[in-house]
Structures are given as structure tokens and as C-alpha cells.
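Asker: output the structure for:
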Amino acid sequence: MRGDDAQDSDSIDTLAGTALSEITPELAAAYLDMVDEFEAAGEGYGWNDVELARHDFAAFVNDLRNESLGIGLPPDIVPQTTYVLLDREGRALGEIRFRPHLTPPFEQHNGHIGYNVRPSQRGNGYATRMLALVLEKARALGVERVMLPVRDDNLAPKRVIEKNGGVLERSGAELGSGEVVSIYWIAL
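Answerer: Just a heads-up that it's a prediction; the model follows:
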């Protein structure tokens with residue numbers, strides 16, 4: 001089985017044809033197809049309001065836009081922009097969420113960036129590509145460095161982060177859950 005970091009010449013060509021896009025109404029079918037794959041694999045999809053997306057995709061897109069602008073968020077929630085990685089055919093390969101700044105709960109649990117790659121596309125370099133593309137967006141906004149927490153037993157994301165210049169700051173048990181988490185920083 002190939003890991004998230006495996007890339008041969010065919011997959012490098014495929015990666016060059018990918019692009020990040022904010023989620024728009026036109027991406028409804030592609031996005032929901034990706035969500036369906038996660039659910040069929042038994043992983044669920046807890047990153048966004050899937051029920052709203054299925055019922056009223058335009059309202060879902062509007063909610064994501066408001067979330068990126070900080071409109072209507074609870075006081076302890078920071079704005080985040082959600083992107084989808086698309087291939088040449090417009091198929092959604094994964095999703096990545098970027099928070100330009102953090103407040104204490106996010107510093108400890110979520111970091112600046114979170115992502116997921118659809119189950120059938122893991123091991124093709126898409127996570128590495130998505131992270132590289134969102135780091136370009138962070139640089140353009142003047143963000144100096146980003147933090148990404150990773151469960152200590154989850155090796156693939158660690159490789160993805162390290163390929164994008166991530167440096168391990170610390171690993172330790174989270175208060176409350178006891179789950180061991182590694183904290184990586186990427187200087188921009």
C-alpha cells in the first residue's frame with residue numbers, strides 16, 4: 001500500500017492538474033460525492049454541516065462564506081476559509097480548512113489548518129499538495145507561521161506536514177482526553 005507521501009511520475013502529473021477552490025454552488029455534486037464516499041467508508045463527515053449541504057447547498061455555501069468572514073460566529077470560534085481540492089475533471093479530492101489566526105481553544109486542539117482526503121484518493125500526494133497550496137494563501141495574507149496538531153499515532157499527516165517544512169515542537173497528552181498529540185509549526 002502506498003502512503004500519503006508516495007508519488008510516481010503519473011501522480012506528479014496528476015497533482016499539477018489540481019487546484020484549490022472555495023466551495024461554490026456549482027460544486028454541489030462534486031462535494032456531496034466526496035462526502036458520500038467518506039460516509040460509505042464508515043468515516044462519517046464531521047467537518048461541515050452535511051445535512052444543510054444536502055438540503056440547501058446554496059445556504060451551505062453562504063454559511064461557509066460567513067464563517068470565513070467571521071459573521072455570526074460564537075465569541076470563541078475563529079474565522080476559517082474552507083477550500084476543496086479539485087482535479088482536472090472537477091472531482092473533489094479533499095477539503096482543507098484554514099484559520100489565519102488562533103484563539104486559545106484552537107491553539108490547543110485545531111491549529112491553523114485541518115484537512116481530509118477522500119478515502120479512495122489517499123496515498124497519491126493530494127494532502128501534501130493541498131497543504132502546499134493553502135500555505136501559499138497564508139503567505140499572501142502575511143501569516144508568519146502556522147501550527148498543525150496531529151494525533152501522535154497518525155503517521156501520514158506527520159509526513160505531509162514535514163514535506164511542507166513542518167518542524168515538531170512538542171508531543172504530549174492533551175488535558176482532559178489524554179490523547180497524545182504532536183504539535184508542528186511551519187514557518188512561512
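Asker: from now on I want contacts and neighbour counts done on CA atoms only, so please keep to that.
Answerer: Will do.
Asker: how about the contacts made by the residue nearest to the spatial centre of the chain?
Answerer: Centroid check for the chain by CA atoms, centre = their mean gives Tyr115 as the closest residue, at 1.9 Å. By CA atoms under 8 Å, 6 or more residues apart in numbering, the contact set of Tyr115 is 94-97, 127.
Asker: all helices for this protein, in order.
Answerer: Taking DSSP state H as the criterion, the chain contains helices spanning 9-16, 28-40, 50-55, 57-69, 104-109, 126-140, 155-163.
Asker: let's have the ones you listed in JSON lines, adding mean neighbour count, mean pLDDT and distance to Arg88.
Answerer: What follows is those, written out as JSON lines (neighbours: other CA atoms under 10 Å; pLDDT from 0 to 100; distance: least, CA to CA, whole Å):
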{"stretch": "helix 9-16", "mean neighbour count": "13", "mean pLDDT": "55", "distance to Arg88": "8"}
{"stretch": "helix 28-40", "mean neighbour count": "18", "mean pLDDT": "98", "distance to Arg88": "12"}
{"stretch": "helix 50-55", "mean neighbour count": "14", "mean pLDDT": "96", "distance to Arg88": "23"}
{"stretch": "helix 57-69", "mean neighbour count": "18", "mean pLDDT": "97", "distance to Arg88": "22"}
{"stretch": "helix 104-109", "mean neighbour count": "14", "mean pLDDT": "67", "distance to Arg88": "33"}
{"stretch": "helix 126-140", "mean neighbour count": "19", "mean pLDDT": "96", "distance to Arg88": "13"}
{"stretch": "helix 155-163", "mean neighbour count": "18", "mean pLDDT": "95", "distance to Arg88": "22"}
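Asker: what's the closest of those helices to Glu22?
Answerer: Distance to Glu22, taken as CA to CA, is lowest for helix 57-69 among those, at 8.7 Å.
Asker: who touches the closest one?
Answerer: By CA under 8 Å, 6+ apart, helix 57-69 touches 23-25, 28, 49, 52-53, 72-73, 79-82.
Asker: what's the angle from it to helix 28-40?
Answerer: 80 degrees (axes from the mean of the first three to the mean of the last three CA atoms, to 10 degrees).
Asker: figure out how far helix 57-69 is from the centre of its chain.
Answerer: Averaging C-alpha positions (CA atoms, centre = their mean, to the nearest Å) puts helix 57-69 17 Å from its chain's average.
Asker: go on, stretch 16-27?
Answerer: Counting by CA atoms, centre = their mean, stretch 16-27 is centred 13 Å from the centre of its parent chain.
Asker: measure it end to end?
Answerer: 20 Å (CA to CA, to the nearest Å).
Asker: stretch 153-171 now?
Answerer: 11 Å.
Asker: what about Glu22, distance to Val134?
Answerer: In terms of CA to CA, Glu22 sits 11 Å off from Val134.
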